[in-house]
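*Asks:* need a structure here:
(2 chains)
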Amino acid sequence: MTQPGDDEAAARFAAIEQQFVAGLPRRLQEIDAAPDAQARYAALHRLAGAAGAFGHARLGELARQAMGTDAAADATLQVLREEISRLVDARPG
Amino acid sequence: MDARGWSRCCSHSRMNVSGQPGVELSEVDGLKRVMCVEDDADIRLVLEFSLARLGGYEVCVCASGLEALERAPAFAPELVLLDVMMPGMTGPQTLERLRELPVMQGVPVVFLTAKAMQRDMEDILQHGATGVIVKPFDPVTLPKDILVYWEHGRGR
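*Replies:* Take a look at the predicted model:
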């Protein structure tokens, strides 16, 4: 059963989610430009937390895996870039 | 979660979050004012949407520990959600300073932290927090989830 105001809530959440997706390239830039491992970890950490709250589980998991400092983490970062491109390209309008 | 997915969730959440159709949690359970301290702007928006729009709470959203310290006396929160990893003043450092405020005596504080840091939870709780909510949180269930901490933590 649909409750009064549900459409408005859905539209509001969709707008917030689109704002998050639109900001993904900026987040990626922040990760790439991080001056040290700690700053890179912090940027990935924020992305992981935010992605999950918006239901982007794969994006969040990739960010989490990329938090490491080994070669596997670097490889994951490339996959993360591709996932961000996919999400940005899939934006409506 | 796309807009259609959210719409499906939301159609149920208005009924299930409070357990009573059309009745907001704040009206049922007594918790009114929730302060959120989170440095990520997108997460702040989700917190506000979840707790104010879905939960019906009065919400004060702060971007830093310093802002929380400035706004807590006037807002008088009944529960605080506090991010652990923030630039400048960290979550535990913010909690220590908040506890010095008269208005914060006995107010439950719940840390928000990422799954990757779960191993550090015991250490986090030693800083005097009531509990820990692991990010990513579910914006639909969060308004109800925080009630557990409020009921168990208030007045301590």
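
*Asks:* by proximity to chain B, which residue of chain A wins?
*Replies:* A:Gly52 (2.1 Å; C-beta to the nearest C-beta). For every residue, glycine as well, the C-beta is placed using N, CA and C.

*Asks:* residues of chain A that sit close to chain B?
*Replies:* Neighbours of chain B within chain A, by C-beta under 8 Å from any C-beta of the partner chain: A:1-7, A:9-14, A:16-17, A:19-20, A:23, A:42, A:45-46, A:48-57, A:60, A:64, A:67.

*Asks:* now those residues: which count as buried?
*Replies:* When those are checked for burial by 16 or more other C-beta atoms under 10 Å in any protein chain shown, the buried set is A:6, A:9-10, A:12-14, A:16-17, A:20, A:23, A:42, A:45-46, A:48-56, A:60, A:64, A:67.

*Asks:* okay, now the unreliable bits of chain A?
*Replies:* A:1-5, A:93 (pLDDT under 70).

*Asks:* for it, which helix is longest?
*Replies:* Determined from DSSP state H, the single longest helix within chain A is helix A:71-89.

*Asks:* centre of the chain to that helix, how far?
*Replies:* 10 Å (C-alpha atoms, centre = their mean, to the nearest Å).

*Asks:* list the contacts of that helix.
*Replies:* Contact with helix A:71-89 is made by A:21-22, A:24-25, A:27-28, A:31, A:56, A:58-59, A:62-63, A:65-68, as judged by C-beta atoms under 8 Å, 6 or more residues apart in numbering or on different chains.

*Asks:* grab the nearest non-local neighbour of A:Leu24.
*Replies:* Nearest residue to A:Leu24 in three dimensions, chain neighbours excluded: A:Ile84, at 4.6 Å (C-beta to C-beta, 6 or more residues apart in numbering or on different chains).

*Asks:* mind telling me what element B:Gly106 is part of?
*Replies:* Counting by DSSP states H and E, no helix or strand carries B:Gly106.

*Asks:* is it true that it touches B:Arg154?
*Replies:* Yes - under the criterion of C-beta atoms under 8 Å, B:Gly106 is in contact with B:Arg154, at a separation of 6.4 Å.

*Asks:* more crowded one of the two?
*Replies:* Neighbour count, other C-beta atoms under 10 Å in any protein chain shown: between B:Gly106 and B:Arg154, B:Arg154 has more, with 15 against 10.

*Asks:* now the residue lying closest to the more buried one once chain neighbours are set aside: how far from B:Met35?
*Replies:* Leaving aside its chain neighbours, B:Arg154 sits nearest to B:Pro108 (5.7 Å; criterion: C-beta to C-beta, 6+ apart). Distance of B:Pro108 to B:Met35, computed by C-beta to C-beta, to the nearest Å: 11 Å.

*Asks:* same check on A:His56?
*Replies:* Distance of A:His56 to B:Met35, computed by C-beta to C-beta: 27 Å.

*Asks:* same deal with B:Ala41?
*Replies:* Taken as C-beta to C-beta, the span from B:Ala41 to B:Met35 is 17 Å.

*Asks:* looking at the two, which has the bigger crowd around it?
*Replies:* B:Met35 (26 against 14).

*Asks:* quick one: mean pLDDT for the helix or strand harbouring the more buried one?
*Replies:* Assigned by DSSP H and E, B:Met35 belongs to strand B:33-37. The average pLDDT for strand B:33-37 rounds to 98.

*Asks:* pull up the pairing partners for it, direction included.
*Replies:* Strand B:33-37 has its sheet partners listed here by DSSP bridges as strand B:58-62 (parallel), strand B:79-83 (parallel).

*Asks:* just to check, A:Ala43 is in contact with A:Glu30?
*Replies:* Yes - the pair A:Ala43 / A:Glu30 is scored as a contact, 4.7 Å apart, by C-beta under 8 Å.

*Asks:* so how many other residues sit close to B:Asp120?
*Replies:* B:Asp120: 14 surrounding residues under other C-beta under 10 Å.

*Asks:* name the nearest residue to residue 52, sequence neighbours excluded.
*Replies:* No chain was given, so I picked chain A. Leaving aside its chain neighbours, A:Gly52 sits nearest to B:Pro136 (2.1 Å; criterion: C-beta to C-beta, 6+ apart).

*Asks:* chain B, not that one
*Replies:* B:Val59 (4.4 Å).
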